[in-house]
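In: task: produce atomic coordinates for the following.
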Amino acid sequence: MSRYLPIYLNDQLFQQTVAVELARRAQRSNAESELGTFLAGLQRELAEDRDALLRHMAGAGVRPSRGRVVGARLAERLGRLKPNGHLTTYSPLSRLGELDALAQLVEGKRGFWLSLRQERLAERARDQRERLEPHRLAAARLALGP
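Out: Residues are numbered from 1 along each chain as shown. You can find the predicted model right below:
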């Protein structure tokens with residue numbers, strides 16, 4: 001095994017954990033909408049993909065870094081503190097920021113799976129990204145105008 005593989009896999013574990021937590025938070029904030037329904041399904045898929053990563057790590061003999069998992073959850077919570085145009089409430093800019101971040105994380109996950117030659121999982125990430133894009137664009141129009 002390459003000495004870099006454990007680092008690479010744990011970096012991806014961090015990112016995929018952030019994605020799961022972010023999708024969960026975004027879903028709660030948009031629960032009573034079409035977007036909320038979409039995000040509930042996406043969050044389940046992201047959790048399944050994270051489980052696939054953990055299985056891959058176990059098969060490669062790589063131990064998950066608990067520090068990275070805890071750090072990812074903390075990073076997601078700290079991300080809530082950035083300005084969104086409202087002092088204490090959710091805003092259209094909050095939604096756009098969440099969907100932008102999810103799009104980037106899913107695209108990164110796609111590249112990760114391609115690097116490991118896991119075509120099925122890379123294709124799943126591509127599909128997730130395509131399904132996310134109309135929601136992201138709608139959030140951009142709402143937050144930024146036509």
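In: residues contacting the spatially most central residue of the chain?
Out: Residue closest to the average C-alpha location in the chain (CA atoms, centre = their mean): Ala19, at 2.1 Å. Residues near Ala19 by CB atoms under 8 Å, 6 or more residues apart in numbering: Leu46, Arg50, Leu102, Leu105, Val106, Lys109. From N, CA and C alone the C-beta is placed, and that goes for glycine too.
In: repeat that for 6 Å
Out: Applying CB atoms under 6 Å, 6 or more residues apart in numbering to Ala19 gives the contacts Leu46, Leu105.
In: same check, this time on Ala143
Out: Pro92, Leu93, Leu96.
In: counting neighbours, what do you get for the second one?
Out: Leu93 has 18 neighbouring residues, counting by other CB atoms under 10 Å.
In: helix or strand: which one has it?
Out: If you go by DSSP states H and E, Leu93 is part of helix 92-115.
In: may I see the buried residues of that helix?
Out: By 16 or more other CB atoms under 10 Å, the buried positions in helix 92-115 come out as 92-99, 101-103, 105-106, 108-110, 112-113.
In: picking up where we left off before, and the residue nearest to the centre of the chain, how far from Gly145?
Out: Going from Ala19 to Gly145 by CB to CB, to the nearest Å gives 28 Å.
In: helices and strands around the helix or strand bottoming out on mean pLDDT in the chain, which ones?
Out: Across the helices and strands of the chain, mean pLDDT, DSSP states H and E gives its lowest value to helix 66-78, namely a mean of 78. Here helix 66-78 is seen to pack against helix 5-29 when contacts are counted using 3 or more CB pairs under 6 Å, 6 or more residues apart in numbering; DSSP states H and E.
In: and whichever helix or strand comes after the helix it packs on, how far from the chain's centre?
Out: Going down the chain from helix 5-29, the next helix or strand is helix 34-59, by DSSP H and E. When distances are taken as CA atoms, centre = their mean, to the nearest Å, helix 34-59 is centred 9 Å away from the chain's centroid.
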